[in-house]
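In: kindly return the folded structure for what I paste below:
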Amino acid sequence: MARLPHFGQATPVLRYSNWIISALVTLSATLLHALFFLNAGGLWRDEVDLVHLSLLPSVSEVWQNLPHDSCPILMHLAVRVWSAAGLGNTDLGLRVLGLFVGLFLLLAFWLASWTMRNGTPLLAVTLAGLNVTMVRAGDSLRAYGLGSALAVLTLAVIWHLTRRPSPAAFCCAVAVAVLSVQSLYQNAFFVFAACCGGFVLCAVERRWRDTLPLFGVGAAAAMSLLPYIPLIVRMQDWYIIMKVGFRFSHGWEQLAVATGSPLTVFTWVWVALWIGALAAAIYVLFWRRDRFPDRSLILFAGTSLVLGTTGYAFFLKLTKYPTQPWNYAPLMAFSAVCLDAIFFAAWRRARPAAMIFAALTISTTFLFELPAVECRQTNVDLVAARLSAEVAPNDYVIVHPWYCGVTFKRYYKGAAPWTTLPPLEDYALERYDLLKAKIQTKDPIAPVIDRITSTLQSGNRVWLVGNMQFTEEPLPEILPAPNNPWGWFDERYSFYWGVQVTQFVSAHSRRGAVVMAPSANCVNPFENLPVVAVAEWKP
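Out: Alright, predicted model coming up:
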């Protein structure tokens, strides 16, 4: 009589189906990356900031200006090498680099799954690979994609070092861990979490000697961040205007947006999987460890998941910055690999359910989420191109809010002078230090009002680029920062300046028209700017 497979043991057909479904999910994710590449268009301000910083004349200048960005130097070096290799500083060439980074993240999922359990990353690529937030954040010219991939690989190499310590495994783990923290500061918490996961496993198995390499990996990663301390201290002087505080309620809202792809119900899928993984890790640690053949992996991944999530939350609370959905991309990538490892190690019979889940996710993604993938990153490149062709040399262009000036500078080629509210001395980078100096002065946009007056009186046009609110209520007088109820918070000052300009041009111009409305197609809402032209001075 033929021997029946053990309950929960995968048959050959089921095993190969797992590979086939995983490959199809990865192929679908690759298609999403390709669609984003084809539709992303120009670079938006955060991308422009990184690119301009990366391509400063020398690496020394890049290092000195790192406080004007929010990540370490690795992604800047990647852009610099890419450009030096002749692959271009054009939007298309840089988008190709972003595409490669996004595909590298998919490859990292496969490498991690094969290293940790000799399997396919079915759950990881379904949860994270088909997530639109991951695609858009990973492929943008920021450090989130590279940092996410290196966080995933760090988890895998530290697992390998924990199970099979050797000089080669140690050197590999050190190299990947150092690269990981050089891509994103917050990856230090993932390195710490993975090392703690290895330490807990070695402690449970009484392999105390094998904990020493883990301490070495963590120490090497930490030491590689020491040169950044003076830079981080220096940037605190002006980043105070962004520190409005991190509230966990707001963080949960942004995390729900990030994970709620392709449908909002997927947020609760993430929550359910996280709770299930935690329960499995606790069960293995305190009760029936002998029940699971892969209990070591469950314990390692569970510890890493808990400490990685806790450390990431601590990092966000420490920075005091308001978060956006893309800020959670590294946490989602790291968590997805941990969840994948735990569930397939704990419940082998979960494969059929995972396959069904993957098929449903592919279907819903392509039914509901394609418009979000086929989305431009900015319309400022289109605005700048039109103004470059239409403005006269004696016209005047005002870009609002001030940080959109970084994007406008990259694309505007017109003859007319332009400025932001308030005028800044440099638009190559997002210069919060210059903005802080401006908001500490009385009436910093007075030169702009004077130039609007002279431009309209001479018969020329003023072009208003951006979302400037209008209200008929008289504006109260405000004091230099931080002597107002909102203290240093720059957005309140920016709103005030925008209303100040719209009230002035409404009172002193006879003609006005919308030249470009915000795009009705999908455009990044942070840079979908209208254009209004006003003319004819009215006393």
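
In: quick check: closest non-adjacent residue to residue 441.
Out: Leaving out its chain neighbours, the residue that sits closest to residue 441 by CB to CB, 6 or more residues apart in numbering is residue 480, at 5.9 Å. Using the backbone N, CA and C atoms, a C-beta is placed for each residue, glycine as well.

In: can you say which helix or strand has the one you found in it?
Out: Counting by DSSP states H and E, there is no helix or strand that carries residue 480.

In: if I look at it, how far off is residue 487?
Out: Residue 480 sits 12 Å away from residue 487, going by CB to CB, to the nearest Å.

In: just residue 103 next, same as before
Out: Noted for residue 103: a distance of 44 Å to residue 487, by CB to CB.

In: between the two, who's got more neighbours?
Out: residue 103 (20 against 13; other CB atoms under 10 Å).

In: ok, the residue most central in space within the chain - contacts?
Out: Taking CA atoms, centre = their mean, the centroid of the chain lies closest to residue 326, which sits 3.9 Å from it. Contacts were defined as CB atoms under 8 Å, 6 or more residues apart in numbering; by that measure residue 326 touches 133, 136, 137, 140, 142, 144, 258.

In: try it again with 6 Å
Out: With contacts defined as CB atoms under 6 Å, 6 or more residues apart in numbering, the neighbours of residue 326 are 137, 144.

In: same question for residue 381.
Out: 42, 411.

In: wait, is it part of a helix?
Out: Yes: using DSSP: H, G, I helix; E, B strand; the rest coil, the assignment for residue 381 is a helix.

In: pLDDT score for it?
Out: As predicted, residue 381 sits at a pLDDT of 96.

In: and the residue lying closest to residue 98 once chain neighbours are set aside, how close does it get to residue 183?
Out: Of all residues not flanking residue 98 in the chain, residue 139 sits nearest, at 4.3 Å (CB to CB, 6+ apart). Applying CB to CB, the value for residue 139 to residue 183 is 15 Å.

In: before we move on, what about residue 100?
Out: To residue 183, residue 100 is 15 Å away according to CB to CB.

In: so which elements touch the helix or strand bottoming out on mean pLDDT in the chain?
Out: Ranking every helix and strand in the chain by mean pLDDT, DSSP states H and E puts helix 351-364 at the bottom, with a mean of 80. The helices and strands touching helix 351-364, judged by 3 or more CB pairs under 6 Å, 6 or more residues apart in numbering; DSSP states H and E, are helix 12-39.

In: report all helices and strands that the helix or strand following the helix it packs on contacts.
Out: As assigned by DSSP H and E, the chain's next helix or strand after helix 12-39 is helix 45-54. Counting contacts by 3+ CB pairs under 6 Å, 6+ apart, helix 45-54 is packed against helix 74-82, helix 404-411.

In: okay, the next helix or strand after helix 45-54 in PDB with CA atoms only?
Out: Counting by DSSP H and E, the element after helix 45-54 in chain order, helix or strand, is helix 59-64. Below are the C-alpha coordinates for helix 59-64, written out as PDB (Å, rounded to 0.1, in the frame of the first residue of the first chain):
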ATOM      1  CA  VAL A  59      31.800  63.800  -2.300                       C
ATOM      2  CA  SER A  60      33.000  66.100   0.400                       C
ATOM      3  CA  GLU A  61      30.300  68.700  -0.500                       C
ATOM      4  CA  VAL A  62      27.700  65.900  -0.500                       C
ATOM      5  CA  TRP A  63      28.800  64.900   3.000                       C
ATOM      6  CA  GLN A  64      28.700  68.500   4.300                       C
END
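
In: quick check: buried residues in helix 59-64?
Out: residue 62 (16 or more other CB atoms under 10 Å).

In: run through who's touching that helix.
Out: Around helix 59-64, the neighbours that count as contacts under CB under 6 Å, 6+ apart are 56, 76.

In: that helix - what's its average pLDDT?
Out: In the prediction, helix 59-64 has an average pLDDT of 97.

In: what of stretch 486-505?
Out: 93.

In: check stretch 114-129 too.
Out: Mean predicted confidence for stretch 114-129 is 93.

In: distance from it to the middle of the chain?
Out: Centroid displacement of stretch 114-129 relative to its chain, using CA atoms, centre = their mean, to the nearest Å, is 22 Å.

In: next: stretch 198-211.
Out: From the chain centre to the centre of stretch 198-211 is a distance of 35 Å (CA atoms, centre = their mean).

In: show me which residues of it are buried.
Out: Quick answer for stretch 198-211 (16+ other CB under 10 Å): 198, 199, 200, 201, 202, 210, 211.

In: is it true that the third one touches residue 303?
Out: In this case it means residue 200. Yes: counting by CB atoms under 6 Å, residue 200 touches residue 303, with 4.8 Å between them.

In: quick one: contacts for residue 138?
Out: Here residue 138 is in contact with 102, 105, 145 (CB under 6 Å, 6+ apart).

In: and what of residue 74?
Out: 182, 183.

In: per-residue pLDDT, it?
Out: 98.

In: give me the low-pLDDT residue ranges for the chain?
Out: Along the chain, segments meeting pLDDT under 70 span 1-15, 287-293, 348-351.

In: relative to residue 249, how far out is the residue nearest to residue 441?
Out: Distance, residue 480 to residue 249, using CB to CB: 32 Å.

In: try residue 199
Out: 33 Å.

In: check residue 261 too.
Out: 21 Å.

In: more crowded one of these two?
Out: Using other CB under 10 Å, the more surrounded residue of residue 261 and residue 249 is residue 261, with 27 against 6.

In: quick one, phi psi at the more buried one?
Out: phi -140, psi 130 (degrees, to the nearest 10).

In: output the contacting helices and strands for the helix or strand residue 111 falls within.
Out: Per DSSP H and E, residue 111 falls inside helix 91-117. Contact here means 3+ CB pairs under 6 Å, 6+ apart; on that basis helix 91-117 packs against helix 12-39, helix 132-139, helix 144-163, helix 329-346.

In: adding distance to residue 499, write the ones you listed out as CSV.
Out: Shown next, in CSV, are those (distance: least, CB to CB, whole Å):
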stretch, distance to residue 499
helix 12-39, 34
helix 132-139, 32
helix 144-163, 34
helix 329-346, 35
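
In: wait, residue 470 sits on residue 502?
Out: Yes: with contact defined as CB under 6 Å, residue 470 and residue 502 form a contacting pair (4.3 Å).

In: more neighbours: which of those two?
Out: Using other CB under 10 Å, the more surrounded residue of residue 470 and residue 502 is residue 502, with 18 against 11.

In: thought residue 468 was touching the more buried one, still the case?
Out: Yes: contact criterion CB under 6 Å: residue 502 and residue 468 qualify, at 4.8 Å.

In: does the residue nearest to residue 98 really touch residue 102, like I thought?
Out: Yes: counting by CB under 6 Å, residue 139 does reach residue 102; the two are 4.0 Å apart.

In: joint contacts of the two?
Out: Here residue 139 and residue 102 share the contacting residues residue 33, scored by CB under 6 Å, 6+ apart.

In: hmm, who's touching stretch 439-456?
Out: Identification of contacts with stretch 439-456 by CB under 6 Å, 6+ apart yields 396, 419, 421-422, 438, 462, 480-481, 493, 497, 504, 509, 537.

In: of the residues you listed, buried ones?
Out: 396, 419, 421, 422, 438, 462, 481, 493, 497, 504, 509, 537.

In: tell me which two of those sit farthest apart.
Out: Maximum pairwise distance in the buried ones among the contacts of stretch 439-456, criterion CB to CB, is 32.4 Å, between 481 and 537.

In: and the helices in the stretch 251-400 of the chain?
Out: Along the stretch 251-400 of the chain, counting by DSSP state H, counting those that start in this stretch, helices occupy 265-286, 295-319, 329-346, 351-364, 370-373, 380-390.

In: now those helices in JSON lines, with distance to residue 520?
Out: What follows is the helices of the stretch 251-400 of the chain, written out as JSON lines (distance: least, CB to CB, whole Å):
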{"stretch": "helix 265-286", "distance to residue 520": "27"}
{"stretch": "helix 295-319", "distance to residue 520": "34"}
{"stretch": "helix 329-346", "distance to residue 520": "28"}
{"stretch": "helix 351-364", "distance to residue 520": "25"}
{"stretch": "helix 370-373", "distance to residue 520": "12"}
{"stretch": "helix 380-390", "distance to residue 520": "13"}
